[in-house]
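**Q** sequence isn't available, so here's the structure alone:
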């Protein structure tokens, strides 16, 4: 009756380079359906549930990075035992030595796979020999699981956390597949207390999960992918072929694209975790509504920004050693945050610009402003501050997205020297669908949090059939507008 080619089925289940497992793919939907049926049977059996989810998580990572899943396993083994030894060590020098081993192991892993060619190029230049790039495959999500594992050993070292004695618990925590390859970076203190609680999925949790998964799918596949493929990529790939007006809209488009892409992934990750009975903290909070750059970093990629603050900025001294040292610490933190995104000068420039802006804002807020002037600033500063912050962030996105520094400066040159405002009507009519999706995307982003939360609660209160219909409607919409191929998430490359 059914003509099934077993070889094609098996081929779908093995890893293929350049085709990582994606939440927005039909294959993941198929595998997750089977996984969830088994999970539903095991969810009240503590140990079998943990074993099953951990095995599926490792398979999920295998489908994303092939046999590099062994790196994930190695990182888990090393930090599990190091954390126990750190906790048991009495001498300060021994505790510090064990933590240093964890830092070297995790950052060394990250350094080789992410920065190996950059280091090799620098050494080649210093030695005066030709540079030949190494054939290094970057495992998907290596930055995320190394940071997550590092936070655990550092918290144990700081005596903020008691180390786990059960290896399965730690393997489950680090490898948990919803957030494994692109975050959010989950803290052990938030996640581990949920581990052995009875798996209970309330009606509210189910409704919120379906809402978040649907919203994430819409943001990623309908908005982000469409404006990327049909406009943004074209402009950034050849900025000189487009007017300054089109370049500016390309920058606005990328600001929306990266937000919808990454927050869409985070929404789906949080929603899938909820379906399994686990709660993650929000990773985005309408960042383009921010009135200053400090507020922006409290709202953008919250799990990474708080990680950098708690484990890098504070470790450097934070704001405890005077104003000058505070500004230096901010710059170092953001420069390394830029380098975390990639071994390139453009990422360091992106991070450096944000570090400089944070330092300037810190200085500005420390000034003694007369009460009258302060009142005026508060009245006019909310909208003006939001517009200034948004455009500064957009300016920085140019360096983040451009293929080269030359392309970035070429785009800036087009915007300032070849703007051609008279092309606005032609642009609006020529890119009707792109403009419409950009308007929808920014409008949804600017909806007050209270309203979006209320909508979330209404979806959670809908009958089962209505919730199912909503999911089907989103899937149909995705099918109608999606491109020929599945587009990977932007943060998979980090």
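**A** Cool, the structure landed. These numbers come from a predicted model, not from an experiment. Residues are numbered from 1 along each chain as shown.
**Q** now the host helix or strand of residue 55: how far from the chain's centre is it?
**A** Counting by DSSP states H and E, the element that carries residue 55 is helix 46-65. Computed by CA atoms, centre = their mean, to the nearest Å, the chain-centroid distance of helix 46-65 equals 21 Å.
**Q** just checking, what packs against that helix?
**A** helix 26-42, helix 69-88, helix 167-175 (3 or more CB pairs under 8 Å, 6 or more residues apart in numbering; DSSP states H and E). To be clear about C-beta, it is placed using only N, CA and C from the backbone, and glycine gets the same treatment.
**Q** residue 154 is in contact with residue 187, correct?
**A** No. The criterion here is CB atoms under 8 Å, and residue 187 misses it with residue 154 at 10.6 Å.
**Q** quick one: closest of the helices and strands packed on helix 46-65 to residue 103.
**A** helix 69-88 (10.0 Å; CB to CB).
**Q** buried residues in that closest one?
**A** Residues of helix 69-88 classed as buried by neighbour count (16 or more other CB atoms under 10 Å): 69, 71-72, 75-76, 78-80, 82-87.
**Q** now do the helices in the stretch 301-450 of the chain.
**A** Using DSSP state H, counting those that start in this stretch, the helices of the stretch 301-450 of the chain run over 302-308, 323-341, 345-365, 371-401, 405-417, 424-430, 432-445, 449-461.
**Q** so which of the ones you listed is the most packed in?
**A** helix 302-308 (a mean of 20; mean count of other CB atoms under 10 Å).
**Q** so what's the gap between it and the chain middle?
**A** Relative to the centre of its chain, helix 302-308 is centred 10 Å away, using CA atoms, centre = their mean.
**Q** nearest to residue 449 among the buried residues of helix 69-88?
**A** The nearest member of those to residue 449, counting by CB to CB, is residue 72 at 34.9 Å.
**Q** so that closest one touches residue 58, yeah?
**A** Yes. Between residue 72 and residue 58 there is a contact under CB under 8 Å: 7.1 Å.
**Q** which neighbours do these two have in common?
**A** residue 175 (CB atoms under 8 Å, 6 or more residues apart in numbering).
**Q** about what we covered before: now the helix holding residue 55: buried residues?
**A** Across helix 46-65, burial judged by 16+ other CB under 10 Å covers 49-50, 52-54, 56-65.
**Q** check stretch 158-174 too.
**A** So, applying 16+ other CB under 10 Å, buried residues of stretch 158-174: 161, 163, 164, 169, 170, 171, 172, 173, 174.
**Q** redo those as JSON lines? Include distance to residue 118.
**A** Below are those laid out as JSON lines (distance: CB to CB, whole Å):
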{"residue": "161", "distance to residue 118": "33"}
{"residue": "163", "distance to residue 118": "34"}
{"residue": "164", "distance to residue 118": "35"}
{"residue": "169", "distance to residue 118": "36"}
{"residue": "170", "distance to residue 118": "32"}
{"residue": "171", "distance to residue 118": "31"}
{"residue": "172", "distance to residue 118": "34"}
{"residue": "173", "distance to residue 118": "31"}
{"residue": "174", "distance to residue 118": "27"}
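**Q** go through these and say which is closest to residue 470.
**A** Closest to residue 470, out of all of those and judged by CB to CB, is residue 172, at 31.0 Å.
**Q** now do the contacts for the closest one.
**A** By CB under 8 Å, 6+ apart, the contact set of residue 172 is 50, 53, 54, 57, 195.
**Q** distance of the first one from residue 57?
**A** Spatial separation of residue 50 from residue 57 under the definition CB to CB, to the nearest Å is 10 Å.
**Q** now swap in the last one and tell me
**A** With the distance defined as CB to CB, residue 195 ends up 14 Å from residue 57.
**Q** and the longest helix belonging to the chain, how far out from the chain middle?
**A** Ordering each helix of the chain by length in residues (DSSP state H) puts helix 92-127 first. Mean-position distance between helix 92-127 and its chain equals 23 Å (CA atoms, centre = their mean).
**Q** next one: stretch 141-151
**A** Computed by CA atoms, centre = their mean, the separation of stretch 141-151 from the middle of its chain amounts to 12 Å.
**Q** contacts for stretch 432-439 next, please.
**A** For stretch 432-439, using CB under 8 Å, 6+ apart, the contacting residues are 222, 223, 226, 227, 230, 231, 249, 252, 253, 256, 427, 428.
**Q** if you set the cut-off to 7 Å instead, what comes out?
**A** 223, 226, 227, 230, 231, 252, 253, 256, 428 (CB atoms under 7 Å, 6 or more residues apart in numbering).
**Q** and for stretch 175-185?
**A** Applying CB under 7 Å, 6+ apart, the external contacts of stretch 175-185 come out as 54, 56-58, 60-61, 64, 72, 76, 140-141, 144-145, 147-148, 186, 265-266, 269, 272-273, 280-281, 283, 303-304, 307, 489, 491-492.
**Q** what does stretch 391-399 give?
**A** Residues outside stretch 391-399 that contact it (CB under 7 Å, 6+ apart) are 251-252, 254-255, 258, 293, 296, 346, 349-350, 353-354, 357, 408, 411-412.
**Q** closest one of the residues you listed to residue 363?
**A** residue 357 (10.8 Å).
**Q** surely that closest one meets residue 294?
**A** No. Between residue 357 and residue 294 there is no contact under CB atoms under 7 Å: 8.8 Å.
**Q** please parse the protein into its domains.
**A** Domain ranges of the chain: 14-199, 204-284+368-487, per automatic domain parsing.
**Q** and the first one, end to end?
**A** Spelled out, it's domain 14-199. 31 Å (CA to CA, to the nearest Å).
**Q** check the model's average confidence along it for me.
**A** On average, the pLDDT along domain 14-199 is 88.
**Q** I'd like the distance from it to the chain centre, please.
**A** Here the centre of domain 14-199 is set off from its chain's centre by 15 Å, with CA atoms, centre = their mean.
**Q** touching, residue 204 and residue 460? I think so.
**A** Yes. Between residue 204 and residue 460 there is a contact under CB under 7 Å: 5.0 Å.
**Q** three-state assignment of residue 163?
**A** Here residue 163 is coil, with the state taken from DSSP: H, G, I helix; E, B strand; the rest coil.
**Q** for it, phi and psi?
**A** Main-chain dihedrals, residue 163, degrees, to the nearest 10: phi -70, psi 150.
**Q** right, so of the domains of the chain, which gets closest to residue 361?
**A** Per CB to CB, nearest to residue 361 of these: domain 204-284+368-487, 9.4 Å.
**Q** if I look at residue 429, what pLDDT would I see?
**A** You'll see residue 429 listed with a pLDDT of 92.
**Q** tell me the spacing between it and residue 436.
**A** Distance of residue 429 to residue 436, computed by CB to CB: 12 Å.
**Q** quick one on the thing from earlier: show the subsequent helix or strand relative to the longest helix of the chain.
**A** Assigned by DSSP H and E, the successor of helix 92-127 is helix 142-157.
**Q** who are the packing partners of that next one?
**A** Contacting helix 142-157 under the criterion 3 or more CB pairs under 7 Å, 6 or more residues apart in numbering; DSSP states H and E are the following elements: helix 69-88, helix 92-127, helix 167-175, helix 188-191.
**Q** can you list those helices in JSON lines and add distance to residue 312?
**A** Output for the helices and strands packed on helix 142-157, formatted as JSON lines (distance: least, CB to CB, whole Å):
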{"stretch": "helix 69-88", "distance to residue 312": "18"}
{"stretch": "helix 92-127", "distance to residue 312": "12"}
{"stretch": "helix 167-175", "distance to residue 312": "20"}
{"stretch": "helix 188-191", "distance to residue 312": "18"}
